[in-house]
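> Here is the input, now give the coordinates:
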Amino acid sequence: MVYRWLFLLLIIPLQVFSVVYETGKFHTLHEVLKQVQPGDIILLHGGIYPLPVYINKRGSARKPITLKAYPGEKVVFQGNGSCKENDFRIRGDWIVCQNFEIRNSCNGLMLEKNASHNLIENVRSHNNHFSGFIITRGAAYNTLKNCDAWNNFDHGGSMGEGGNADGFATGSRIGNGQYIGPGNRLLYCRAWHNSDDGFDFWKSGNGLYLKGCLAYDNGLADGDGNGFKLGRGNPLIHKDHHILVGCKAWHNRQNGFDYNDIEVAQTLRGNIAWENLVNYKFLGAAPHLLQDNISLFPCKKDMFSDYLIAERNSWQKIDPHDPKLNKMFYLFDDTEIRGDRDLFGNLPRSDFLKPNAAYQALWSNNFTVYIIGDSTVQTYPKNAKKGGWGEFLGAFFPKIRFENFARSGKSSKTFREEGWWANVLPRLKKGDYLLIQFGHNDSHVGKEEGTTLEEYRQNIIRYISEAKAKGAIPVLVSPMHRRIFNADGTLKQWLGKYAYTLSKIAKQYRLHYIDLYTMSGKLMEQLGEKESAYLSCCPHDRTHFSKKGARELARFVAKILKREIADFR
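Predicted coordinates:
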């Protein structure tokens, strides 16, 4: 084996000179790294370079220090297979590393000791004793882009044979208290055939952002074999909110995406899991947000808690084992996506696990939005002075079907007792939405329609439970303010306790909540009593709304629906 010590180009702004390295006569790479200044570029000619490498320098945002392979040449940093002084470690800031390979090291490429604002691009790390890439010890605002990690395996480790080597690992994976800083990103990285997990965020201490990352065939010997393992978090500060967008996990020995007992809510959007032991495992009490994800043919049933916030995920429309799914994707053959990257490090072009028109048809707005409530919500004749926000909401969503069952004078109690709910419940189907607003008439304590706060709470919960049993998605809408002012120009808080109760229910059951009480109150107080008169249907009615006022309220409701729920965008 010949180690490469020759032909290193050091390019300094305004000067370009080359140095031919010969043992005993010229400087080594390590000495050059001591001399570089912000803005310098180190070009490595093809060959094998020995480890360890330590980069402690600091560049700047405008003048990073760059270390990369000479165009078209293959550079390998090779270790001796031991775990003594056998790593590629970055401890500086504003360092760019591009287009080289690391192998037979201890910890692969490690960002540590507050290393920040570094870019690691198109670097390949494999056959290392522990993980391919590690972010730890305060490292922050680093980006790993188009990087690959494979065949990392720890023999005889503390967690058994192969129990510690991941593709990408962060935080306290190598020891307690080694938390990362904020702002780290992994973009379009791949991890495969690693003995433990593809991506392991054990006790990261801060959240990571992942986009377009792939994890497959992980889990050897005593390793866990998860594609993306998101927990546990830092038990003291709870900042481990990871965001995964457009990632894929398949053929991993355990879970494709695993919350792994993390106490902080995670966000997953547009990810795909195929033929893992379990595709998605999100239990516990944290309100994890899963939107637009796909589960295909897991070996065992996916696991979700009741606290999960789930929107437009495949399993909400079609069973993950339904044979129809075989015809809803362009390609299940992963040969292309496993192939070599291009010269710039981009992933191979492939339609692997890409949904086709048949899958998209599942989401062609074939749901209905049902509305229940009182006179402030109901639909009135066009020539009536009164208006309810329910009659105008559909105008903001021309491609969605709305059915407004709100009725004047009804409370959470009498809407059911008088049979109106019996007209709605049989119509609900999986994927439909149910907007619920009561409170105005519940406040008439002592009258037939009046309820106590506890009765109100129980009535709302019953609507929620029955709607969810049909597969519908409840959305709670608070009652709006009555337009009744105090002498100082503030509004009387007639219905505040009902709005507060509704907000607590929404939080308890992890439902979307539209705070019409606060939004209507701000509008009325900003306008003042005189200028807000147009909102009311007539001068002496401070509860009901004009057509124009009802449209304003509908606009508020539509704004939150569009912002919070993907189906309405």
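
> For residue 368, give me the backbone phi and psi.
Residue 368 has phi and psi values of phi -120, psi 140 when expressed as degrees, to the nearest 10.

> pretty sure it is touching residue 397, no?
No: with contact defined as C-beta atoms under 8 Å, residue 368 does not reach residue 397; the gap is 11.5 Å. Backbone N, C-alpha and C define where each C-beta goes, glycine included.

> Residue nearest the middle of this protein, spatially speaking?
residue 267 (2.7 Å; C-alpha atoms, centre = their mean).

> quick one: contacts for that one?
241-244, 288-289, 291 (C-beta atoms under 8 Å, 6 or more residues apart in numbering).

> try 6 Å
Counting by C-beta atoms under 6 Å, 6 or more residues apart in numbering, residue 267 touches 243, 289.

> Now do residue 94 against residue 352, distance only.
According to C-beta to C-beta, to the nearest Å, residue 94 and residue 352 sit 36 Å apart.

> With residue 213 instead?
Separation of residue 213 from residue 352 (C-beta to C-beta): 14 Å.

> For those two, indicate the residue with more neighbours.
More neighbours surround residue 213 than the other of residue 213 and residue 352, with 26 against 22 (other C-beta atoms under 10 Å).

> Would you map the helices across this protein?
Shown for the chain, the helices assigned by DSSP state H span residues 29-35, 357-360, 389-392, 414-417, 420-424, 453-469, 496-508, 516-531, 547-564.

> which of these is buried the deepest?
Highest mean neighbour count among those (mean count of other C-beta atoms under 10 Å): helix 389-392, with a mean of 26.

> which helices and strands sit right next to that one?
helix 547-564 (3 or more C-beta pairs under 6 Å, 6 or more residues apart in numbering; DSSP states H and E).

> So for the helix it packs on, mean pLDDT?
Average pLDDT, helix 547-564: 92.

> Low-confidence ranges, the protein, go.
1-27, 172-177, 234-235 (pLDDT under 70).

> so residue 265 touches residue 290, yeah?
No: using C-beta atoms under 6 Å, residue 265 makes no contact with residue 290, being 10.3 Å away.

> Of these two, give the one with the bigger neighbour count.
Using other C-beta under 10 Å, the more surrounded residue of residue 265 and residue 290 is residue 290, with 24 against 21.

> Show me what that one is bridged to.
residue 268, residue 310 (DSSP bridges).

> so what's it up against?
By C-beta under 6 Å, 6+ apart, the neighbours of residue 290 are 268, 310, 313.

> Using the record's assignment, carve this structure into domains.
107-362, 365-568 (automatic domain parsing).

> In the stretch 101-250 of the chain, mark out all the strands, start to finish.
109-111, 119-126, 133-135, 143-145, 148-150, 168-170, 184-187, 190-192, 199-200, 208-211, 214-216, 228-229, 243-245, 248-250 (DSSP state E, counting those that start in this stretch).

> before we move on, what about the stretch 251-400 of the chain?
255-258, 267-269, 272-274, 278-282, 289-291, 294-296, 303-304, 309-311, 368-372, 386-387.

> Quick check: which of those strands is nearest to residue 53?
strand 255-258 (33.1 Å; C-beta to C-beta).

> which secondary structure elements does the closest one contact?
By 3+ C-beta pairs under 6 Å, 6+ apart, strand 255-258 packs against strand 278-282.

> List of residues touching the strand it packs on?
255-259, 273, 288, 295, 298, 300, 302-304, 308.

> Which stretch among the strands of the stretch 101-250 of the chain approaches residue 521 most closely?
Nearest to residue 521, of all those, is strand 243-245, at 33.0 Å by C-beta to C-beta.

> what's near enough to touch the closest residue in space to residue 346 that isn't next to it in sequence?
Excluding its sequence neighbours, the residue lying closest to residue 346 (C-beta to C-beta, 6 or more residues apart in numbering) is residue 146, at 6.6 Å. Residue 146 is in contact with 121-122, 188, 345, counting by C-beta under 6 Å, 6+ apart.

> ok, and the most crowded of the contacts of residue 290?
Neighbour max across these (other C-beta under 10 Å) = residue 268, 27 neighbours.

> about what we covered before: kindly reformat the strands of the stretch 251-400 of the chain as CSV containing distance to residue 526.
What follows is the strands of the stretch 251-400 of the chain, written out as CSV (distance: least, C-beta to C-beta, whole Å):
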stretch, distance to residue 526
strand 255-258, 44
strand 267-269, 33
strand 272-274, 46
strand 278-282, 41
strand 289-291, 32
strand 294-296, 44
strand 303-304, 42
strand 309-311, 32
strand 368-372, 27
strand 386-387, 21
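
> Can you tell me how far residue 518 is from residue 500?
11 Å.

> so which of the strands of the stretch 251-400 of the chain gets nearest residue 458?
Across these, closest to residue 458 is strand 368-372 (C-beta to C-beta), at 16.1 Å.
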